[in-house]
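In: Here's a sequence, model it:
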Amino acid sequence: MATEIKDLEKKILALSSEERAKLAEHIISSLDVATDINAEAQWLDEAERRYQAYREGKLESKPANEVFEYAFNKLN
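Out: As a prediction, the model looks like this:
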């Protein structure tokens, strides 16, 4: 397997920049399709679960500015 990957890598690197970019785009899109179908349904289920918990008073909310400030501080 490792040898096959190294052989592929050599062949890919011999391609032009345009050809490598197209190949990369195809590979990435092939990963996205498989993930997006399941991920979207899972995110919708999770959003519904959280919304229901919020409506039932089981989940505390925070103002958006606090959430964004916290996220920004974590990145820095």
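In: make it CA atoms for all contacts and neighbour counts henceforth
Out: Noted.
In: what's the following helix or strand after the longest helix along the chain?
Out: Using DSSP state H to define each element, the chain has its longest helix at helix 17-55. Per DSSP states H and E, the first helix or strand lying C-terminal to helix 17-55 is helix 64-75.
In: Looking at that next one now, give me its mean pLDDT.
Out: Summarised as a single mean, pLDDT over helix 64-75 is 94.
In: looking at it, Ala53 is touching Leu59, isn't it?
Out: Yes - the pair Ala53 / Leu59 is scored as a contact, 5.5 Å apart, by Cα atoms under 8 Å.
In: can you count the residues close to Leu31?
Out: 10 (other Cα atoms under 10 Å).
In: Can you name the residues that contact it?
Out: Applying Cα atoms under 8 Å, 6 or more residues apart in numbering to Leu31 gives no contacts.
In: who touches Trp43 in this structure?
Out: Counted by Cα under 8 Å, 6+ apart, Trp43 has zero contacts.
In: Look at it and report its pLDDT.
Out: pLDDT, read off for Trp43, is 91.
In: From Tyr51, how far off is it?
Out: 12 Å (Cα to Cα, to the nearest Å).
In: Same check on Glu4?
Out: 48 Å.
In: Give me the more crowded residue out of these two.
Out: Tyr51 (14 against 9).
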